[in-house]
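J.: show me the folded form of this:
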Amino acid sequence: MNEPAPKAASFLKLSRDAVRRWLPPTARDRLEAWVVDRKVRRSSDRRHMRQVLIPALGRHGGNLLFVGCRRYTAAYPDAFARGGATCWTLDIDPDAACWGAKGRHVVAGVEASTSVFAPGFFQTIVLSGVFGFGVDGASAQTAALDACASILAEGGLLILGWNTDRVADPSALPALSRWYRPAGAKVGLADRTTFPDGTHVFDVLERLPDPRDRP
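T.: The predicted model follows:
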């Protein structure tokens, strides 16, 4: 017969309390970071990133910018490279550099990327886990979308990942419709992917010609 759930919950609480009480702060922080990393790696949206998005975007080839580095993304640059893309990484936090692409990591905010990369340098940009995690308001998100449009080649792909419980749907931003359109079919993906067990959303978008050049 299974033990009652309350006993299991009580044991877990005691374990957490013991960790907080007896472990030194540095060791405790490392342990908590490991637990978070393990949980994120197992989430359905991260499985989709590893199993679907990375292979498809690697085959798309060219220069690829991955924005936002964490411990659980450390293997992504090599995975993109195995598929055929040249991966660069960018993060505003200097401490995140250890998880970026070796020799191709830049410390900067995404809105400042235009001062680092030439116009049209990238064929793909993956901007996931940034909206709602530092780039929160409409003005900041607009600046990020404009910057990505500048360094993304015409016809290039923007993979925009965001969470429904942290920000409003970015498709309502004028900057998104000005610069991008849905384009999942271009690489054999859905235009938008959602997950029943989480709030994350992936939108696959294509960089349109400059509005000034359109008929």
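
J.: helix, strand or coil for Ala97?
T.: At Ala97, secondary structure determined by DSSP: H, G, I helix; E, B strand; the rest coil is helix.

J.: for the chain, longest strand please?
T.: Assignment by DSSP state E gives strand 152-163 as the longest strand of the chain.

J.: how about the contacts made by the closest residue in space to Lys102 that isn't next to it in sequence?
T.: Distances taken as Cβ to Cβ, 6 or more residues apart in numbering place Pro77 nearest to Lys102, at 7.5 Å, with adjacent residues excluded. To be clear about C-beta, it is placed using only N, CA and C from the backbone, and glycine gets the same treatment. Pro77 sits next to Phe66, Cys87, Thr89, Gly100, Ala101, Lys102, Arg104 when contact means Cβ atoms under 8 Å, 6 or more residues apart in numbering.

J.: part of a helix, is Pro77?
T.: Yes. If the criterion is three-state DSSP, then Pro77 is within a helix.

J.: next, count neighbours for Cys98.
T.: 11 (other Cβ atoms under 10 Å).

J.: how confident was the prediction at it?
T.: Looking at Cys98, its pLDDT is 96.

J.: follow-up on the earlier one: just send the contacts of Pro77 back as CSV, with secondary structure and neighbour count too.
T.: Listed next are the contacts of Pro77 as CSV, based on DSSP: H, G, I helix; E, B strand; the rest coil; neighbours: other Cβ atoms under 10 Å:
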residue, secondary structure, neighbour count
Phe66, strand, 27
Cys87, strand, 24
Thr89, strand, 26
Gly100, coil, 23
Ala101, coil, 23
Lys102, coil, 10
Arg104, coil, 17
